[in-house]
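Colleague: Provided below are the primary sequence and the corresponding predicted coordinates.
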2 protein chains.
Amino acid sequence: MAEAIRHDKTVRQLRLLSDALDSGRLGPVRRMVNTLSAAEIGNLLESLPPAKRSVVWGLVDPEDDGEVLVHVGDEVRESLIAEMDEDELVAAVEDLDIDDLADLVEDLPDAVIDEVLKSMDRENRERLEQVLSYDEDTAGRLMNPEVVTVRADTTVDVVLRYLRLRGELPDNTDHLYVVNKRHQLMGWVALQDLVTHESGTPVNQLIDDELESIHVEDSSEEVARRFSDNDWVSAPVVDDGNVLLGRITIDDVVDIIRDQAEHQALSAAGLDEDEDLFSPVSRAFRRRLVWLGVNLLTAFLAASVVDRFEASIEKLTALAVLMPIIAGMGGNAGTQVLTLMVRGIALGQIASSNVPTLVWKEVRVAVINGLILGVLLGLVVLIWFHNPGLAAVIAVALTANFTFAALGGVFVPVTLKRFGFDPALAGGVILTTITDTLGFLTFLGLATLILLR
Amino acid sequence: MAEAIRHDKTVRQLRLLSDALDSGRLGPVRRMVNTLSAAEIGNLLESLPPAKRSVVWGLVDPEDDGEVLVHVGDEVRESLIAEMDEDELVAAVEDLDIDDLADLVEDLPDAVIDEVLKSMDRENRERLEQVLSYDEDTAGRLMNPEVVTVRADTTVDVVLRYLRLRGELPDNTDHLYVVNKRHQLMGWVALQDLVTHESGTPVNQLIDDELESIHVEDSSEEVARRFSDNDWVSAPVVDDGNVLLGRITIDDVVDIIRDQAEHQALSAAGLDEDEDLFSPVSRAFRRRLVWLGVNLLTAFLAASVVDRFEASIEKLTALAVLMPIIAGMGGNAGTQVLTLMVRGIALGQIASSNVPTLVWKEVRVAVINGLILGVLLGLVVLIWFHNPGLAAVIAVALTANFTFAALGGVFVPVTLKRFGFDPALAGGVILTTITDTLGFLTFLGLATLILLR
């Protein structure tokens, strides 16, 4: 088990800053904030309630404003942008990299976008328009069109001279791309190789022959998977004709990897990755209401099953005492299976070929645990209610509901996925509807048939 | 909402491979497998049932065996190692980087470790021993002691000559470290700067003055946070005396970031990040049993509350029909709050200074949703059971339980964290115990007081 996650330094900063804010000493707050990186400032702003957030945002060095906006979730970003006037916004975003600017564009007022476009040179404006022409969540939207290219028919010496002339390289440049006259990608040369080879070495001797590239329409999840599978720091993006369009760097991919992994936990509770801890109540309640409303509907379904057995419950009230145990434990057992499956699907590990093996494994686990905990539960019921028949019924019902839970835990997410729904979002609601209704039905049904006829 | 996660390519590979395996044509399988990266092979092995996994493992190019072992979860790794004999294992791991080898060591048989140590030169053996001397989940264990260092009192030209003489650099080398005679870290020079500056430029003009480093005893979570906050590709690791001990690279950190983010979803179901989809049943059932057993205990607690109201249920069986709705909806509402809080804690966004604001926000959201859904639920109950008193009681009970859920959703994880427990693991069980028991108590208690006296 991974140990509890510790971020003592971040929490300490938050406490210090909060104390300083409470005491009204804004000087120390400003100094503290401006020693942090943009991502750290973003994290800090996300952890502050609206009033304090607003004060601290006013103290951030205007030079960092753009980078901070890039590093916060959509909801917090909106609240920060709402506090800036047009001039401030233009100043904040006009010096951002193209990929970061593209990421922000849809949250900016139109007037600001116009202003920023006007301030750009033609080359950058065209680059931005190109990036924006691709769908969100694709490689095209993530890429930075600024790339350093070289020709194959030259030497290390010539390349180094070119780089010295060119000056500063884009962030995280670890490779130079080798292109032909039509700007098609022929390969790449690592900076590492450039500095470890004699100046006369021909570039084409240094070209990596296992070239892989990302297609501009690949999904951002595919991009994240390939970066983490190949340990890339950056990767070239090409179109259908293998023309080099830009490059994606690991710093942007790390955020996708984190969002992707967080998605499972948040979706299971009907939440969004971009949810602000301090969302305005008027907004938070509405979003939660939808998910709770769906759950209420499914709860009615389960209640209507119980309603069928009113007469049985009146005769034997122990049924009412025990029935939540059967339903709840089924839900717990099913959630374990579902959670494993949803992760497996996210990692691309589930295909129709391995589903039968998974079902068979999970059903066996369910039956074994159902029998063990069923006998235990039966013994407790025997001591509690002195009713051997009831003890036997509850043991069987628990085992049966664990089995339904295992089947549901495997088939619900697989089916959702097959029909294009998100198993992380809808899986839990459907699964607990199954374990609740079948759990009540089995337990109350068996009890009625065996004990009350 | 993030769109459904797509890994079509991976799933397609899995299907092709599975078909080829079924048909017994191992040639195509071998070719297919050996075009993949080690991480991709690892992912593939994790998605295969034991029998097929074993066949495919036998087809992996022995040269890749070591890297594949590094890229799979602990449980799958054990199963793969169990199938190799000593010689194969020694051959697989002896050429690994020190940090990867350190990661594997505890899963290897002693005889293999001895053999590997014998095959190493003294320098590498000492480096490995040094890495192993640090606790698991610390920077010391993640670092690779192989670093390239330069002196400040030299020029670009001299450094390039040194690098050419030295030859190949360690993977993902983006900086050279500047150290003094006592090997203390004085700064770093980016390869990017080295190739863009004239050969006569003194190195000390290129040294980054905003040097940050990682302390060898920092936790791996802290390392992950700093990499993602600072967009690092690699970072130097130092001891108390600022002596340079090694470096950590982003490829190893990406795995931690993913594990960390997955931790929340898996722990909430009592699962481990290293759980194998195809764990042997004998192993899987035992691990799940513990968590289900804990849940059974808490279910008894809730049942004992219901037991107190047997007489009321006998008089008004509608109570039995409706009570699971109150408990279940409370659990759902609480889980939403808990999930947000657990993520906030993991990101270091929760401190005592912002808890009051969070509680106040969540309680308001809970009361609003409780009233809306409570009135709705009351109307349904009125139509269903023709009992206005019961309708009023259930509306009040739902609102009350949503409020308990909000309070529990904030205070349970904060309290667990304060006492050093993992809120992701224990939070859900405790929270639903609260919403079950208080939900039953409020609903059945109010009904008894108001309707049945």
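Modeller: Sure thing, it's come through. Numbering: from 1, shown residues only, chains lettered A, B, ... in the order given.

Colleague: can you give me the strands for chain A?
Modeller: A:149-150, A:175-179, A:185-190, A:214-215, A:234-238, A:244-249 (DSSP state E).

Colleague: TSV for those strands, including mean neighbour count?
Modeller: In short, each C-beta sits where N, CA and C put it, glycine included. Shown next, in TSV, are those (neighbours: other C-beta atoms under 10 Å in any protein chain shown):
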stretch	mean neighbour count
strand A:149-150	18
strand A:175-179	23
strand A:185-190	21
strand A:214-215	20
strand A:234-238	23
strand A:244-249	24
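
Colleague: dump those strands into CSV; add distance to residue B:305 and mean pLDDT as well.
Modeller: CSV is the format used below for the strands of chain A (distance: least, C-beta to C-beta, whole Å; pLDDT from 0 to 100):
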stretch, distance to residue B:305, mean pLDDT
strand A:149-150, 71, 94
strand A:175-179, 64, 93
strand A:185-190, 66, 92
strand A:214-215, 57, 94
strand A:234-238, 57, 94
strand A:244-249, 55, 94
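
Colleague: which one of these lies closest to residue B:211?
Modeller: Nearest to residue B:211 among these is strand A:244-249; the distance by C-beta to C-beta comes to 21.6 Å.

Colleague: could I get the strands of chain A in a markdown table, plus columns for distance to chain B?
Modeller: Putting the strands of chain A into a markdown table (distance: least, C-beta to the nearest C-beta, whole Å) gives the following:
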| stretch | distance to chain B |
| --- | --- |
| strand A:149-150 | 12 |
| strand A:175-179 | 9 |
| strand A:185-190 | 9 |
| strand A:214-215 | 11 |
| strand A:234-238 | 9 |
| strand A:244-249 | 8 |
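
Colleague: so which of these gets nearest residue B:441?
Modeller: Comparison of these against residue B:441 by C-beta to C-beta identifies strand A:244-249 as nearest, at 54.7 Å.

Colleague: any stretches of the stretch 151-300 of chain A with poor pLDDT?
Modeller: Within the stretch 151-300 of chain A, the ranges that satisfy pLDDT under 70 run A:209.

Colleague: do you know how far the residue of the stretch 151-300 of chain A found nearest chain B is from residue B:338?
Modeller: The stretch 151-300 of chain A approaches chain B most closely through residue A:261 (3.3 Å), counting by C-beta to the nearest C-beta. Using C-beta to C-beta, to the nearest Å, one gets 18 Å for the distance from residue A:261 to residue B:338.

Colleague: same deal with residue A:263?
Modeller: In this view, residue A:263 and residue B:338 are 17 Å apart by C-beta to C-beta.

Colleague: picking that back up, who has more neighbours, residue A:261 and residue B:338?
Modeller: Shown here are residue A:261 and residue B:338; by other C-beta atoms under 10 Å in any protein chain shown, residue B:338 has more neighbours (27 against 23).

Colleague: my read is that the more buried one contacts residue B:427, right?
Modeller: Yes - at 5.2 Å, residue B:338 and residue B:427 qualify as touching, with contact defined as C-beta atoms under 8 Å.

Colleague: list residues touching both of these two?
Modeller: Residues within reach of residue B:338 and of residue B:427 at once, by C-beta atoms under 8 Å, 6 or more residues apart in numbering or on different chains, are B:412, B:413.

Colleague: any idea where the helices of the stretch 101-250 of chain A begin and end?
Modeller: All helices of the stretch 101-250 of chain A, identified by DSSP state H, counting those that start in this stretch, fall at A:110-119, A:122-132, A:139-142, A:156-166, A:191-196, A:220-230, A:250-268.

Colleague: in the shortest one, what's buried?
Modeller: Meaning helix A:139-142. A:139, A:140, A:141, A:142 (16 or more other C-beta atoms under 10 Å in any protein chain shown).

Colleague: cool, the longest one as well?
Modeller: Taking 16+ other C-beta under 10 Å as the neighbour-count basis, helix A:250-268 is seen to contain the buried residues A:250-268.

Colleague: mind listing what residue A:9 touches?
Modeller: B:222, B:348.

Colleague: could you check how far it is from residue B:284?
Modeller: With distances taken as C-beta to C-beta, residue A:9 is found 38 Å from residue B:284.

Colleague: enumerate the residues of the stretch 51-200 of chain A near chain B.
Modeller: Counting by C-beta under 8 Å from any C-beta of the partner chain, the stretch 51-200 of chain A comes close to chain B at A:137, A:160, A:163-164, A:166-169, A:171-174, A:191-192, A:194-198.

Colleague: how does it look with 10 Å?
Modeller: By the rule C-beta under 10 Å from any C-beta of the partner chain, the part of the stretch 51-200 of chain A lying against chain B is A:51-52, A:67, A:71, A:136-137, A:148, A:156, A:159-174, A:176, A:190-199.

Colleague: just the buried residues of these.
Modeller: Of these, these count as buried by 16+ other C-beta under 10 Å: A:52, A:67, A:71, A:137, A:148, A:156, A:159-160, A:162-163, A:169, A:172-174, A:176, A:190-197.

Colleague: report how many residues lie close to residue A:114.
Modeller: Residue A:114: 13 surrounding residues under other C-beta under 10 Å.

Colleague: measure it to residue B:15 for me?
Modeller: According to C-beta to C-beta, residue A:114 and residue B:15 sit 49 Å apart.

Colleague: ditto for residue A:106
Modeller: Per C-beta to C-beta, residue A:106 is found 37 Å from residue B:15.

Colleague: go on, residue A:72?
Modeller: Taking C-beta to C-beta as the criterion, residue A:72 is separated from residue B:15 by 40 Å.
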